[in-house]
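1. prediction below, plus the sequence it came from.
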Amino acid sequence: MRERITSSQNKRVKQWRALTTKKGRKATQTYLLEGWHLVQEAIKARLPLTAIMGTEEQLTAHEGAFPAVPIYELTDSIAQTIGDTSTPQGIFATASMPNDDHVDPKQASGIWLFLDQVQDPGNIGTMVRTADAAGLTGVVLGRGSVSRFLPKVLRSMQGSQFHIQLVEGDLHDWITAFTERDLPVYGTNLDPQAKDYRDVPSLSQGAIVMGNEGNGMAPDLQRMTTQNLYIPIKGQAESLNVAIAAGIVMFRLAE
């Protein structure tokens, strides 16, 4: 059964609109997925959805795929106001905020990507998707990185956040937990001691750290790594985009 909502002043509509803000997400402990691709990927991953909302056209087109959660039919005008995109598709879902506490860095295995103060949503999304494509276990967004629940970040991850582990944490704790178990942690920084990324062995377990777009890795984190790496630049470009650099290193070290 669908519940039809026609008033823009409806309490649920106000809550859904607020999910584009940190305050709104904290109040309900849910976040918003916008567009059929993200909703479909969440359903495939058996994400704990709490509701599905959409226009009559969208709900009818996809109703056979919906799990057993409350479904709300929205008018076109209300659907236009809920999401973050300029041309919304008219279908959304809400999901419970995940519990990161179950991921213990002292027990984490596999290959991980650590992100230090990465600010651009597109870069975050591209790196999560690339980590997924390269077969990494997960991504840790360190303090100072943008939230993984920002609408632009969610869209740019393209559903890869449902395929790998994605957590927020203190990179000091994560790097220490890895190095204390003799798992290599490779930073990315151009300094006199840095090695060419092609001159280190590939990983079966360990981590790669990517830093802020403008400033790179924080100096204290640089000192904690097993080794810092650099990518030789053959042309005249001053530097590489952080997401491009991450892709190069991930596919090389995770091969």
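-> Thanks, I have it. Worth saying up front: this structure is predicted, and the values here are computed from it rather than measured. Residues are numbered from 1 along each chain as shown.
2. what segments of this structure are strands?
-> Counting by DSSP state E, the chain has strands at residues 2-5, 30-34, 49-55, 71-74, 91-96, 111-115, 138-142, 165-169, 185-188, 195-196, 206-210, 227-230.
3. return the most buried member of these.
-> strand 206-210 (a mean of 27; mean count of other C-beta atoms under 10 Å). For glycine as for every other residue, the C-beta is placed from the backbone atoms N, C-alpha and C.
4. can I get that one in CSV? Just the C-alpha atoms.
-> These are the backbone C-alpha positions of strand 206-210, laid out as CSV (Å, rounded to 0.1, in the frame of the first residue of the first chain):
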residue,chain,number,x,y,z
GLY,A,206,47.8,-2.8,4.2
ALA,A,207,46.7,0.7,3.4
ILE,A,208,47.3,3.7,1.0
VAL,A,209,46.9,7.2,2.3
MET,A,210,45.7,10.1,0.1
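5. report all helices and strands that that strand contacts.
-> strand 111-115, helix 171-179, strand 185-188, helix 242-253 (3 or more C-beta pairs under 8 Å, 6 or more residues apart in numbering; DSSP states H and E).
6. quick one: the first one to strand 138-142, angle?
-> In this case it means strand 111-115. 20 degrees (axes from the mean of the first three to the mean of the last three C-alpha atoms, to 10 degrees).
7. show me what strand 111-115 is packed up against.
-> helix 121-134, strand 138-142, helix 171-179, strand 206-210, helix 242-253.
8. nearest to Q15, out of the helices and strands packed on strand 206-210?
-> With C-beta to C-beta as the criterion, Q15 lies closest to strand 111-115 of those, at 29.6 Å.
9. thinking again about what came up before, need the helices and strands packed on strand 206-210 in a markdown table with distance to I208 and mean pLDDT, can you?
-> Formatted as a markdown table, the helices and strands packed on strand 206-210 follow (distance: least, C-beta to C-beta, whole Å; pLDDT from 0 to 100):
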| stretch | distance to I208 | mean pLDDT |
| --- | --- | --- |
| strand 111-115 | 5 | 98 |
| helix 171-179 | 11 | 97 |
| strand 185-188 | 5 | 95 |
| helix 242-253 | 6 | 96 |
